[in-house]
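# Give me a 3D structure for the following:
(one chain, ligands or ions: 1)
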Amino acid sequence: MELHLLSDGYFTLDKSLLVYTKYQGQIYEAALKPLLIIADKEKILVETGIGELPETYRKFHTIKRKPDQALKAQLQKHGTKPEDITLVINTHLHFDHCGNNASFPNAKFYVQAEELRYAYAPDRFQKAAYLKKFFDANLDYVPVRGKYRLTDKIVLIPTPGHSIGHQSVLIKGERKNLVYCGDAAPLRENLEKRNIPGVLYRADQALKSIDKLRSIKNAAYIYSHDNEQLQI
Ligand SMILES: [Zn+2]
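Next up is the predicted model:
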């Protein structure tokens, strides 16, 4: 199994959205880092980045991306075309995690059922995080309920709190277990200091999810937006 941490560039946001009650007014260049997993039978992509934001969103977030940081160029570096991707795992359906979903016509998309349902009718306080045209693009969704063993090495682990149906991904290795946290821990400090994210569906669940990830043995973590961690 080959693992490659890719890029879809960066987008700016107020850093307080990543850490609850901290960093108000500080602009952070958040990394976007889909993970490519080349397994025996499948080519799997965890997250699809942010793609191109509509005008109304560009007022609040600036995308910074060199041509070779675009997701398609990144896949190409590893001899992979979008059509080759057979499985996509979205940790959740916030716009910065499913922006290129429509680019993968041959993939099945594994998302928690609750997340998919909620994305169509979010509460007022989470509305801006979901962009219907990003996830509702005639795609082959496989709604998952709870913990789900995708292959004998890859397990989807429910980690709600940041969003209603957030999931993280455990990739079992011989020496270490790689954990793709998603927005359960967008930065290293979320996990290491047990600081919950600033965007929340439920704060108590967010903390439980961080503790669930911390309890995984021999873990190496990938933080969804940490711009100081660009390699695995
Ligand atoms: Zn999110």
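
# Strands of the chain, start to end?
2-5, 10-14, 27-31, 35-38, 43-46, 63-64, 87-89, 108-112, 140-144, 148-149, 154-158, 167-172, 177-182, 219-223 (DSSP state E).

# For Gln69, which residues are in contact?
Ser7, Asp8, Gly9 (Cβ atoms under 8 Å, 6 or more residues apart in numbering). (C-beta placed from N, C-alpha, C; glycine too.)

# quick one: it and the ion, what's the gap?
20 Å (Cβ to the ion, to the nearest Å).

# Could you dump the strands of the chain into TSV with distance to the ion and mean pLDDT added?
Shown next, in TSV, are the strands of the chain (distance: least, Cβ to the ion, whole Å; pLDDT from 0 to 100):
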stretch	distance to the ion	mean pLDDT
strand 2-5	18	96
strand 10-14	11	97
strand 27-31	10	98
strand 35-38	16	98
strand 43-46	14	98
strand 63-64	16	97
strand 87-89	14	98
strand 108-112	13	98
strand 140-144	17	98
strand 148-149	20	98
strand 154-158	15	98
strand 167-172	12	98
strand 177-182	7	98
strand 219-223	12	98
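
# Would you mind giving those as CSV with mean neighbour count added?
Below are the strands of the chain laid out as CSV (neighbours: other Cβ atoms under 10 Å):
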stretch, mean neighbour count
strand 2-5, 15
strand 10-14, 19
strand 27-31, 18
strand 35-38, 19
strand 43-46, 26
strand 63-64, 16
strand 87-89, 25
strand 108-112, 22
strand 140-144, 15
strand 148-149, 13
strand 154-158, 21
strand 167-172, 23
strand 177-182, 25
strand 219-223, 19
